[in-house]
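K.L.:
starting from these lines, generate the structure:
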Amino acid sequence: MNNQINLFLEKLQLIIEKKELIKLSLTGKRVKSSDLKKVIITAVEIKKGYCLNFVNRHDTKDITKNYEIQEGVQLINQLLETDFLNAEVFSKNENFQLFILPNGKVRLKMLQPTMMASVSLSHNREKERLIQLQGNIYLQELGITNAGWEVRREMSDKYTQINQYIELLAPYLDEIQLTDNFDVVDMGSGKGYLTFALYDFLANKLKLTPKMTGVEYREDLVNICNSIAEKSGFENLNFVQGTIEKTKLDKIDILIALHACDTATDEAIFRGIKSEADLIVCAPCCHKQIRKAMNVTNELNNITRFGILKERQAEIITDTIRAMILELNGYKTNVFQFISLEHTPKNVMIVGKKVKNNSKNKEQIKTEIDSIKKLYGIEKHYLETLLEM
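P.N.:
This is a model prediction of the structure:
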């Protein structure tokens, strides 16, 4: 075994024994096609004692498991040999990083501690929130916190949901490797809860300089949000009055559209595709266009003859085709459950990440989309119409 890896494991073992480990991340896949993207390890105290908690982050799911210390350290060593090239340790008194280079050489880099949170070993401990309370003016202005920077009881769900939203986006933001001076557009920003939180995360947590625009049709909300942005000192966050379809925007690197009703989601995806946005994030709401367009005359007729079942089927078909059209246009897509911020059952999120070398067969995707439409008697998906214009 390489001396640097030995030293890394020895330092890690010492930090774990001292109960100073905050987090260990394993990244940099050795096999690019592997479904396992990342492993996050923390220390926990459970009934059987002091253990290591592994969160294996796959493309569409997370798998969590606890290991005894010695077994856990051995597994970390194994993962570095077979699955990952990089490791980063965050501890109470120091950070250190391990890099395994393509030529087989190994580098160990020592750093000053950056995560100042106290070490908690409770398995059910309160999560370290990505959106901090203290001094965050927009949280006060939006009524989430009181004058003492504490979450108001009636707004605790909202604060939790905001953090869940950022936690969902964070891995994708990390993957697209953001640099300074990128443009983020939030289509249909509403009261701005998520817009402010994302800007806060990008500017204050990640220390980036985004130019962010919230697009909202209701002028009163635009005025309120711009006032809050000014009070918060968010210089590069601006809200404009307009529609998803017609608002003039110079550039879109990241497009967000949450709860855009019916074909407004398609208009948002269309603008993201045409702008060649690096990341498109949508949480659709209402699926009227496909429901009206469905004309099933085959053996699937019984599935769609009941109103509620037809509605649910229309939702699945609409969002499936949206994801496939994103793939057709050079995006790696994922569809998963999204915790709704408006307490609605419309809780599906579609994420498309622009990829340089798309291995998907475009003709095959087109054929598969046409097959779905034929099966349900659908002439055209609205997003197709927009892209053909």
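K.L.:
contacts and neighbour counts: CA atoms only from here.
P.N.:
Noted.
K.L.:
where does the stretch 1-150 of the chain dip in pLDDT?
P.N.:
Low-confidence segments of the stretch 1-150 of the chain (pLDDT under 70): 1, 60, 114-128.
K.L.:
show me where it has helices.
P.N.:
Taking DSSP state H, counting those that start in this stretch as the test, the helices found in the stretch 1-150 of the chain are 3-17, 69-82, 137-141.
K.L.:
any chance of those in JSON lines, with mean neighbour count too?
P.N.:
JSON lines is the format used below for these (neighbours: other CA atoms under 10 Å):
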{"stretch": "helix 3-17", "mean neighbour count": "15"}
{"stretch": "helix 69-82", "mean neighbour count": "15"}
{"stretch": "helix 137-141", "mean neighbour count": "21"}
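K.L.:
between those, which one is nearest to Ala268?
P.N.:
Using CA to CA as the criterion, the shortest distance between Ala268 and the helices of the stretch 1-150 of the chain is 26.1 Å, found for helix 137-141.
K.L.:
keeping just the C-alphas, turn that closest one into PDB.
P.N.:
What follows is the C-alpha trace of helix 137-141 in PDB, where atoms were taken according to Å, rounded to 0.1, in the frame of the first residue of the first chain:
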ATOM      1  CA  ILE A 137     -32.300  39.600   6.800                       C
ATOM      2  CA  TYR A 138     -34.400  38.100   4.000                       C
ATOM      3  CA  LEU A 139     -35.500  35.300   6.400                       C
ATOM      4  CA  GLN A 140     -36.800  38.000   8.800                       C
ATOM      5  CA  GLU A 141     -38.400  40.000   6.000                       C
END
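K.L.:
from the chain's centroid, how far away is it?
P.N.:
A distance of 23 Å separates the C-alpha centroid of helix 137-141 from that of its chain, computed with CA atoms, centre = their mean, to the nearest Å.
K.L.:
can you pull the contacts of the closest residue in space to Tyr331 that isn't next to it in sequence?
P.N.:
Using CA to CA, 6 or more residues apart in numbering and skipping the chain neighbours, the partner closest in space to Tyr331 is Lys354 (4.4 Å). Under the criterion of CA atoms under 8 Å, 6 or more residues apart in numbering, the contact list for Lys354 reads 276-279, 330-332.
K.L.:
any idea of the pLDDT on Lys354?
P.N.:
Looking at Lys354, its pLDDT stands at 94.
K.L.:
report the separation between it and Tyr199.
P.N.:
Spatial separation of Lys354 from Tyr199 under the definition CA to CA, to the nearest Å is 21 Å.
K.L.:
do Gly377 as well
P.N.:
Counting by CA to CA, the separation of Gly377 from Tyr199 is 43 Å.
K.L.:
just Asp250 next, same as before
P.N.:
When CA to CA is applied, the distance between Asp250 and Tyr199 equals 18 Å.
K.L.:
of these two, give the one with the bigger neighbour count.
P.N.:
Just comparing Asp250 and Tyr199: by other CA atoms under 10 Å the higher neighbour count belongs to Tyr199, 22 against 7.
K.L.:
chain center to the helix or strand containing that one, what's the gap?
P.N.:
When elements are defined using DSSP states H and E, Tyr199 is found to belong to helix 193-200. Between the centre of helix 193-200 and the centre of its host chain there is 13 Å, according to CA atoms, centre = their mean.
K.L.:
excluding its own residues, what touches the helix or strand hosting Gln161? List them.
P.N.:
Secondary structure assignment for Gln161, by DSSP H and E: helix 156-175. Taking contacts as CA under 8 Å, 6+ apart, the residues outside helix 156-175 that touch it are 129-131, 144, 151, 193-194, 197-198, 201, 279, 339-341, 353.
K.L.:
per-residue confidence averaged over that helix?
P.N.:
Averaged across helix 156-175, the pLDDT comes to 89.
K.L.:
break the chain into its domains for me.
P.N.:
What the record gives for the chain is the domain set 3-111, 137-388, from automatic domain parsing.
K.L.:
thinking again about what came up before, with only the CA atoms kept, save the helix holding Tyr199 in PDB.
P.N.:
The C-alpha atoms that make up helix 193-200 are tabulated as PDB, following Å, rounded to 0.1, in the frame of the first residue of the first chain:
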ATOM      1  CA  TYR A 193     -38.500  32.000  -0.700                       C
ATOM      2  CA  LEU A 194     -36.400  29.700  -2.900                       C
ATOM      3  CA  THR A 195     -34.800  32.400  -5.000                       C
ATOM      4  CA  PHE A 196     -33.400  34.200  -1.900                       C
ATOM      5  CA  ALA A 197     -32.200  30.900  -0.400                       C
ATOM      6  CA  LEU A 198     -30.400  29.800  -3.600                       C
ATOM      7  CA  TYR A 199     -28.700  33.200  -4.000                       C
ATOM      8  CA  ASP A 200     -27.700  33.100  -0.300                       C
END
